[in-house]
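K.L.:
sequence first, predicted coordinates after that:
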Amino acid sequence: MKRILISSALIVSLLLPAAAQEKEQKLKELEQLEQQPEKVTPPDTLVGVVEDIEVFIEDDFVTVVGKDSQDTSRIKIGDVVTIEETDDETVIRIGKKAVKIFQDNDNTEIRIYDEENKEVLYDDRPGSSFDGHLGGLELGYNSFSTGRWLSNETPLEGYLDQNTAKSTNFNIVSPPVSLGFARHFGLVTALGINFNNYPFDGNNSIGVDGEGIITPLYPPESIRYEKSKLATVYGILPVLLEVQIPVSQGSTINIGAGVIGAVKLGSHTKVVYYDDGKQKDKNHDDFNLNVLRYGVTARAGYEMVQVYGTCYLSPMFEKGKGPELYPFEIGLALTIND
């Protein structure tokens, strides 16, 4: 069938001038038929045979028929049809649609485009046109719970109370790698950097005591912290299955869910206070944070705007060296891969 399509394109490019003349002639014949209704309309006109391929012209169509009666191509002739050909590509445009035939050595690929809506309607490479929605910038809220799945099974220690208005999460995610199983369904993954700020609401910070256990740190009574927080930086690797639901003008609603892994790149605490002027103290330590963590993540949105959520199923701190907390984050993502 691919051979026939290519042959059809070449034949049509040769027949366009003749077809225009024939169309004018047929209009004259139709006028005569109106005056002579008893006249029988002539059958299809056979204009040639190329390598056992018969070519017919009927009204505004070219019909190419091969040995197998199913190998038939019909291409309309007229102002709406254009054909462009290079060494390795043939493009047949019919109105706002375009059929592109790519020839690379012994391989032939066919793709059909809606050029007005910039949408791929057909691609004979399995899943090649799937493009996942993951890479970009993400900004949201982060916190932690005392149980998995955001369930607070036990009360938080007082020194872990957060200033929720300043508990921010920021992610930078690389352009994704997509593996399509179908035109609107596939696997998508990317690498990213995850920044978390956990500001404390109380007049305290945290540290590690002599036994290696996380403990609160309080300033002298005369000092009041203006700002106190724990900040972490992780490298992340999300892997999601994404489903795309087509809507108008080739746009899609996108829904994805999957797993996420992370490795710790750094952490520190920071306090800001006034004591003979503004003071800022940072303490770079690992704070018994788990080096590796894993969880589940999901997102949904329209085109390049997504809402995301991530819940980690591994504890924030090493077992027995800190409170049992499970981080989570929710926010808005702006993807850059569209």
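P.N.:
Good, I have the coordinates.
K.L.:
when you work out contacts or count neighbours from here on, use the C-alpha atoms and nothing else.
P.N.:
OK.
K.L.:
what is the neighbour count of the residue nearest to T108 when sequence neighbours are not counted?
P.N.:
Nearest residue to T108 in three dimensions, chain neighbours excluded: F102, at 5.5 Å (C-alpha to C-alpha, 6 or more residues apart in numbering). A total of 18 residues lie near F102 under the criterion other C-alpha atoms under 10 Å.
K.L.:
F102 bridge partners, please.
P.N.:
E89, E109 (DSSP bridges).
K.L.:
secondary structure element for the residue nearest to G258 when sequence neighbours are not counted?
P.N.:
In space, and not counting its chain neighbours, G258 is closest to L240: 4.1 Å by C-alpha to C-alpha, 6+ apart. Per DSSP states H and E, L240 falls inside strand 227-246.
K.L.:
sorry, back to before: the residue nearest to T108 and L332, how far apart?
P.N.:
Using C-alpha to C-alpha, to the nearest Å, F102 is found at 40 Å from L332.
K.L.:
now do the contacts for S143.
P.N.:
Neighbour list for S143: Q162, T164, S167, Y198, P327, F328, E329 [criterion: C-alpha atoms under 8 Å, 6 or more residues apart in numbering].
K.L.:
would TSV of the residues you listed with pLDDT, secondary structure and neighbour count be doable?
P.N.:
Shown next, in TSV, are the contacts of S143 (pLDDT from 0 to 100; DSSP: H, G, I helix; E, B strand; the rest coil; neighbours: other C-alpha atoms under 10 Å):
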residue	pLDDT	secondary structure	neighbour count
Q162	92	strand	18
T164	90	helix	14
S167	96	coil	18
Y198	97	strand	24
P327	96	strand	23
F328	96	strand	22
E329	97	strand	21
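K.L.:
nearest to T154 among these?
P.N.:
P327 (15.0 Å; C-alpha to C-alpha).
K.L.:
which SSE is the nearest residue to that closest one once chain neighbours are set aside in?
P.N.:
Nearest residue to P327 in three dimensions, chain neighbours excluded: F144, at 4.1 Å (C-alpha to C-alpha, 6+ apart). According to DSSP H and E, F144 maps onto strand 136-145.
K.L.:
starting at the chain centroid, how far to that strand?
P.N.:
Relative to the centre of its chain, strand 136-145 is centred 20 Å away, using C-alpha atoms, centre = their mean, to the nearest Å.
K.L.:
that strand pairs with which strands?
P.N.:
strand 168-173 (antiparallel), strand 326-335 (antiparallel).
K.L.:
coming back round to it: other SSEs contacting the strand holding L240?
P.N.:
For strand 227-246, the elements it packs on are strand 185-189, strand 192-199, strand 205-208, strand 252-274, strand 292-302, judged by 3 or more C-alpha pairs under 8 Å, 6 or more residues apart in numbering; DSSP states H and E.
K.L.:
go with 6 Å
P.N.:
strand 185-189, strand 192-199, strand 252-274 (3 or more C-alpha pairs under 6 Å, 6 or more residues apart in numbering; DSSP states H and E).
K.L.:
buried ones in the last one?
P.N.:
Of the residues in strand 252-274, those buried by neighbour count under the rule 16 or more other C-alpha atoms under 10 Å are 252-264, 266-273.
K.L.:
what's the end-to-end length of stretch 109-129?
P.N.:
13 Å.
K.L.:
if I pick the nearest residue to E329 once chain neighbours are set aside, what's in contact with it?
P.N.:
Of all residues not flanking E329 in the chain, N142 sits nearest, at 4.2 Å (C-alpha to C-alpha, 6+ apart). Contact analysis of N142 by C-alpha atoms under 6 Å, 6 or more residues apart in numbering lists S167, T168, N169, F328, E329.
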